[in-house]
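let's see this in three dimensions:
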Amino acid sequence: MSALAPKEESNRKTEPRGKKIGFPRSRRLLRHADFERVYKQGRRHFSASLTVFYLARAGAEPRSKTASQRNGGQECPPHTGPRVGFTVGRALGGAVVRNRMKRRLREAVRLAGVAQAGDVDVVINPKKCLLTNEFGAVLNEVARAFVVIEQKVGSTR
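Residues are numbered from 1 along each chain as shown. Below is the predicted model:
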């Protein structure tokens with residue numbers, strides 16, 4: 001009977017953990033033009049391990065023709081809430097290191113609960129020290145950045 005116990009234990013690790021909680025595409029900045037617009041027209045917030053660029057969205061954004069074709073000719077409703085993008089330059093490390101930084105930031109944004117930040121586009125640009133910081137510190141910096149963004153964007157409206 002003891003021979004079966006390790007096998008059962010190993011099977012438990014391969015079972016699905018339940019519904020995957022991810023970072024939905026509707027909350028991401030994906031197009032190069034959106035990133036450029038935030039960089040050129042937006043404002044900045046600096047912290048110890050990241051720089052955050054942000055720009056409030058005004059009204060409905062124009063949708064591309066291909067997006068309306070994918071939805072059967074119907075226009076998509078404009079997205080509400082913050083959209084977040086991440087940029088990690090090659091100077092910060094190889095692909096593995098850069099992807100690890102983006103995964104840490106994505107999870108920090110997801111856990112920070114930034115839905116109340118309003119209709120704003122945000123680009124987060126990490127510094128090299130992000131990898132050596134504890135995740136709790138990164139989470140606090142991201143949450144603090146979104147509080148500052150909410151205050152600044154709310155005061156301009």
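
hey, where'd the helices end up in this structure?
Residue ranges of the helices in the chain, as given by DSSP state H, are 4-14, 32-41, 65-70, 95-112, 135-156.

next up, the contacts around the closest residue in space to residue 47 that isn't next to it in sequence.
Of all residues beyond its chain neighbours, the one nearest residue 47 is residue 141 (4.8 Å), with distances taken as Cβ to Cβ, 6 or more residues apart in numbering. C-beta coordinates here come from the backbone N, C-alpha and C atoms, glycine included. Residues near residue 141 by Cβ atoms under 8 Å, 6 or more residues apart in numbering: 47, 48, 49, 50, 108.

now those as CSV including pLDDT?
Compiled in CSV, those are given as follows (pLDDT from 0 to 100):
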residue, pLDDT
47, 92
48, 91
49, 92
50, 93
108, 92
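
shaky segments in the protein?
Residue ranges of the chain with pLDDT under 70: 1-21, 59-79, 116-117, 156-157.

can you do 90?
1-28, 57-82, 110-119, 131, 150-157 (pLDDT under 90).

nearest to residue 128, out of the helices of the chain?
Judged by Cβ to Cβ, the one of the helices of the chain that comes nearest to residue 128 is helix 95-112, at 9.0 Å.

could the C-alpha coordinates of that closest one be exported in PDB?
Output in PDB follows, covering the C-alpha atoms of helix 95-112 (Å, rounded to 0.1, in the frame of the first residue of the first chain):
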ATOM      1  CA  ALA A  95      14.200  37.400 -23.200                       C
ATOM      2  CA  VAL A  96      13.800  35.200 -20.100                       C
ATOM      3  CA  VAL A  97      14.600  38.100 -17.700                       C
ATOM      4  CA  ARG A  98      12.300  40.500 -19.600                       C
ATOM      5  CA  ASN A  99       9.400  38.100 -19.700                       C
ATOM      6  CA  ARG A 100       9.800  37.400 -15.900                       C
ATOM      7  CA  MET A 101       9.600  41.100 -15.300                       C
ATOM      8  CA  LYS A 102       6.400  41.400 -17.300                       C
ATOM      9  CA  ARG A 103       4.800  38.400 -15.600                       C
ATOM     10  CA  ARG A 104       5.600  39.900 -12.100                       C
ATOM     11  CA  LEU A 105       4.100  43.300 -13.200                       C
ATOM     12  CA  ARG A 106       1.000  41.700 -14.800                       C
ATOM     13  CA  GLU A 107       0.300  39.800 -11.600                       C
ATOM     14  CA  ALA A 108       0.900  42.900  -9.400                       C
ATOM     15  CA  VAL A 109      -1.500  44.900 -11.600                       C
ATOM     16  CA  ARG A 110      -4.100  42.100 -11.300                       C
ATOM     17  CA  LEU A 111      -3.800  41.800  -7.600                       C
ATOM     18  CA  ALA A 112      -3.700  45.600  -7.000                       C
END
